[in-house]
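Enquirer: after the sequence you'll find the predicted model.
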Amino acid sequence: MTDEDKTQQAARTRAKIMEGLARAERALFTRPAPKSARAQMKFLRTREKGSTKSLAERLGVSRKTVQRYLSGASTKPNKRLRAALVQETESEWQPQVRAQARQRAATSSGLVIKFRASLGFTANGSSDDARIRDLSIAVSPSHAARILAAQEDSATDTELHKAVTEAIAVAYFRQGGGGRAGLEVEFRDVQWLQIEF
């Protein structure tokens, strides 16, 4: 596998991890986020302290476009704007609920990571050689804190992948010590990934 292949694979894995964390946070919402473009625009404008200019910059559209949606003159955004509205609304929706869940995961409950991926460590002839596995793994609060901190700090593809790999390695391969502490764990070819708080 070339360095470019590894970089692309790390980027795909990071995208799946970030989407898994976003889905986990959406599952925590106690009320549904605004659905219509107008309601989303109004909500996001309040988050921008009433500034249509900063909202337009945030969404990558003109100020007039924001004003048309706020007034109700426009109701159906194009695909790119629709995606931006959904992403930005959900990233701002119910911040206290998300903060409490993240705090709980980092201090007491940890995370559950479910996935289908190539997982193993290199040990010739071992039953633990890398192969596709479907697993559900409970990750400790300390590792959950590292994963969530990497997400918040916009960690690079490699850093976030390393944090998740280490959490899975400790929970799955190194539980109870067992002489496997020094082995290099592989977590790649992620087909799907789901995270729960």
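Expert: That came through fine. Residues are numbered from 1 along each chain as shown.

Enquirer: just for this protein, where's the confidence low?
Expert: 1, 122-129, 176-183 (pLDDT under 70).

Enquirer: by contact count, what packs against the helix ranked longest in it?
Expert: In the chain, assigned by DSSP state H, the helix with the most residues is helix 3-26. Where contact means 3 or more C-beta pairs under 8 Å, 6 or more residues apart in numbering; DSSP states H and E, helix 3-26 is packed against helix 79-92, helix 141-152, helix 157-172, strand 185-196. For the C-beta atoms, the positions are set from N, CA and C on the backbone; glycine is no exception.

Enquirer: what is the burial count for residue 108?
Expert: Residue 108 is flanked by 9 other residues according to other C-beta atoms under 10 Å.

Enquirer: kindly report the same for the one 4 residues further on.
Expert: Residue 112 is surrounded by 17 other residues when neighbours are defined as other C-beta under 10 Å.

Enquirer: next one: residue 151
Expert: Other residues near residue 151 come to 17 when the count uses other C-beta under 10 Å.

Enquirer: same question for residue 73.
Expert: 10.

Enquirer: in three-state terms, label it for me.
Expert: The three-state assignment at residue 73 reads coil, by DSSP: H, G, I helix; E, B strand; the rest coil.

Enquirer: so residue 164 sits against residue 146, correct?
Expert: No: counting by C-beta atoms under 8 Å, residue 164 stays clear of residue 146, with 9.1 Å between them.
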